[in-house]
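A.B. asks: Attaching a predicted model along with its sequence, questions to come.
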Amino acid sequence: MSLIDHKIYFIDDDTTFLDTFSSILHDEGYEVETYTDGRIAIENIKSLDSLPIVITDINMPSLGGLEILKQIREINELIPVIMITGQVDSDAFMEAINNHASYLLMKPFDIDQLIMFLRKAADRISLIIENQRLLTDLSEKNMRLKRYSMLFKNIFDSLNLGVVLLNSDYHVLYFNLECENIFDCLEEDVLKENFLDSHILPKFISDKIRKNITLPTYFFKYRDSHNNHFLVYSLKLDISKESFYLITFENLTRMHELESELTKNAEFIQIGKFSAMIAHEIRNPLTGMKTLCNYIEMNESIDNNEIKEIVTDFNREINRMHSLTDNILKASKNYDDVLIFGSTNVVEKLTGMKRILSGMTKDNIEIDYILSESSDIQSLTAAISPDLFDQIIKNVFKNACETIEESKLTDGKIILKISKTNIKNRNYCIIEIIDNGTGFQKFPDFDTETLYTTKKDGIGFGLTICRKILASSEGYIKFSNNRRGATVRIEIPEFDGKD
């Protein structure tokens, strides 16, 4: 910023001297305002937004230069003031210096000497303005840094993860809320302490961290005195040639408990859907029975044949409700506590079910049976009661039919493949139900999904029953996709002739 950018206020009661020097400065391109009365100059300076440069004589009748200097310092102590005088007065000079006059000039003086002082004053103003800009900049950056720091603090404090940030000397820079919970202390208790020498950290943990902290990453597990398992993860951060260390403590025991709680919540949602389905299914037969009752009540002339038909309809609706409630009880109980298992000849049973299974399919679905070439396949006997075997096959077969119908195939096909195998020194009957439908979009995980369904709007009721039955007989149900469609593999232990 040049001298020309600053307005000059020239105050002197000698009008000839004032006009001469102001004219020279104007000719040099500077903006100069002249005043013979310092009081008017002071009022105008008060209204300025920028910093001017003031030149004032010390000895003036109306308002002396020393008083002008004092009033300017009250307005703004950064305004440069050049004092000029034609008299040697050491007391006046000392007072000017004490009130922070920028420069002193003795009359007569050379114009070049005045311009030199003016340039120095201009440079000083430029430096002041630049410093103010930098301070404002720094203040804004500090505010942003504080906001970011608060943001990161809020993020880290919301984590179910203990977070500690250390500098290169292992002193604590940040200690989040979860760490306060884990180590039972406040952040201010450990802030700026050497974390690895801190009393809150067990020695075997600090030794492990100290030994490996300079590695880019490092992790280990430990168990605390409350039998909680923790995963400790250390990350080295090199920023601007300085090293920092981020250490996290994850409570694996609590995470497992939270996951279990989330699983339970998911089960409650499924139970809600399941309850809605039950209400819907029970309402249908009740509506049917109510309609029949209304018909009897409103018709006095009903013959015996019509009564028989109504009774038959009643029985059908009652049987529907009985079947539904029976299935609900089976799904909600542990099968190995309430059921006695028998044995089922697999080939004989599936042969006997052909008519029933054919009735479950539509005209566009073909059923095929494949038996293994084993010589004893005809006598293959599963360690499960015929009723439960029947229920498993019907449920899985129905799923296969519905999958084919959803895929809108005109040449649907279901294959029932029967074989046997040995798994871990135990013989198993294998029934594979293979369809050419859409296949599984995802495979069931009964550890996390209590109710699993292959259908878009299903609730997983049938497959839940199948899994419970098989689990209670030490059998398994497995799912896979084949080249075109899906395969459900049912594994049931072979009956060994013992009770």
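C.D. replies: That came through, no problem.
A.B. asks: what are the ranges of the strands in the stretch 101-250 of the chain?
C.D. replies: Under the criterion DSSP state E, counting those that start in this stretch, strands of the stretch 101-250 of the chain are mapped to 103-106, 162-166, 172-175, 217-223, 229-239, 242-251.
A.B. asks: which one of the ones you listed is the most hemmed in?
C.D. replies: Sort the strands of the stretch 101-250 of the chain by mean neighbour count, taking mean count of other C-beta atoms under 10 Å, and strand 162-166 sits at the top with a mean of 22. (Each C-beta comes from the backbone N, C-alpha and C, glycine too.)
A.B. asks: rewinding a little: with distance to T464 and mean pLDDT added, can I get the strands of the stretch 101-250 of the chain in JSON lines?
C.D. replies: Output for the strands of the stretch 101-250 of the chain, formatted as JSON lines (distance: least, C-beta to C-beta, whole Å; pLDDT from 0 to 100):
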{"stretch": "strand 103-106", "distance to T464": "96", "mean pLDDT": "88"}
{"stretch": "strand 162-166", "distance to T464": "39", "mean pLDDT": "91"}
{"stretch": "strand 172-175", "distance to T464": "47", "mean pLDDT": "90"}
{"stretch": "strand 217-223", "distance to T464": "35", "mean pLDDT": "90"}
{"stretch": "strand 229-239", "distance to T464": "32", "mean pLDDT": "90"}
{"stretch": "strand 242-251", "distance to T464": "33", "mean pLDDT": "91"}
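A.B. asks: Now those strands in a markdown table, please, with extra columns for distance to D376.
C.D. replies: Below are the strands of the stretch 101-250 of the chain laid out as a markdown table (distance: least, C-beta to C-beta, whole Å):
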| stretch | distance to D376 |
| --- | --- |
| strand 103-106 | 119 |
| strand 162-166 | 62 |
| strand 172-175 | 70 |
| strand 217-223 | 51 |
| strand 229-239 | 50 |
| strand 242-251 | 55 |
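A.B. asks: closest one to I125 among those strands?
C.D. replies: strand 103-106 (13.5 Å; C-beta to C-beta).
A.B. asks: Any stretches of the stretch 351-499 of the chain with poor pLDDT?
C.D. replies: Along the stretch 351-499 of the chain, the model assigns pLDDT under 70 to residues 444-462, 498-499.
A.B. asks: At which residues are the strands of it located?
C.D. replies: Taking DSSP E, counting those that start in this stretch as the criterion, the stretch 351-499 of the chain carries its strands at 365-371, 381-382, 412-423, 426-435, 476-482, 485-493.
A.B. asks: Single out the most deeply packed of those.
C.D. replies: strand 381-382 (a mean of 24).
A.B. asks: quick one: which of the strands of the stretch 351-499 of the chain is nearest I24?
C.D. replies: Closest among these, using C-beta to C-beta: strand 476-482, at 97.6 Å.
A.B. asks: From the contact counts, what lies against that closest one?
C.D. replies: For strand 476-482, the elements it packs on are helix 461-472, strand 485-493, judged by 3 or more C-beta pairs under 8 Å, 6 or more residues apart in numbering; DSSP states H and E.
A.B. asks: so where's the stretch 201-350 of the chain uncertain?
C.D. replies: Short version for the stretch 201-350 of the chain, where the test is pLDDT under 70: 263-341.
A.B. asks: Check the stretch 1-150 of the chain too.
C.D. replies: In the stretch 1-150 of the chain (pLDDT under 70), the answer is 1-5.
A.B. asks: go again using 80 as the cut-off
C.D. replies: Confidence mapping of the stretch 1-150 of the chain against pLDDT under 80 gives the ranges 1-6, 145-146, 148-150.
A.B. asks: quick one, helices of it?
C.D. replies: With helices called from DSSP state H, counting those that start in this stretch, the stretch 1-150 of the chain shows them at 15-27, 38-46, 65-75, 90-98, 111-157.
A.B. asks: Adding mean neighbour count and distance to I209, write these out as CSV.
C.D. replies: Shown next, in CSV, are the helices of the stretch 1-150 of the chain (neighbours: other C-beta atoms under 10 Å; distance: least, C-beta to C-beta, whole Å):
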stretch, mean neighbour count, distance to I209
helix 15-27, 14, 71
helix 38-46, 17, 64
helix 65-75, 18, 59
helix 90-98, 13, 61
helix 111-157, 13, 19
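A.B. asks: Turn the ones you listed into JSON lines, including distance to N345.
C.D. replies: Below are the helices of the stretch 1-150 of the chain laid out as JSON lines (distance: least, C-beta to C-beta, whole Å):
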{"stretch": "helix 15-27", "distance to N345": "121"}
{"stretch": "helix 38-46", "distance to N345": "112"}
{"stretch": "helix 65-75", "distance to N345": "111"}
{"stretch": "helix 90-98", "distance to N345": "119"}
{"stretch": "helix 111-157", "distance to N345": "64"}
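A.B. asks: So for T421, which of these sits nearest?
C.D. replies: Closest of the helices of the stretch 1-150 of the chain to T421 is helix 111-157, at 53.5 Å (criterion: C-beta to C-beta).
A.B. asks: what helices or strands is that closest one leaning on?
C.D. replies: Counting by 3+ C-beta pairs under 8 Å, 6+ apart, helix 111-157 packs on helix 15-27, strand 53-57, strand 81-85, strand 103-106.
A.B. asks: JSON lines for the helices and strands packed on strand 476-482, including distance to T361?
C.D. replies: Shown next, in JSON lines, are the helices and strands packed on strand 476-482 (distance: least, C-beta to C-beta, whole Å):
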{"stretch": "helix 461-472", "distance to T361": "16"}
{"stretch": "strand 485-493", "distance to T361": "15"}
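A.B. asks: Distance check, the residue nearest to G162 when sequence neighbours are not counted against I205.
C.D. replies: What sits nearest to G162 in space, not counting adjacent residues and going by C-beta to C-beta, 6 or more residues apart in numbering, is F249, at 3.4 Å. Distance check for F249 against I205: by C-beta to C-beta, to the nearest Å, it reads 9 Å.
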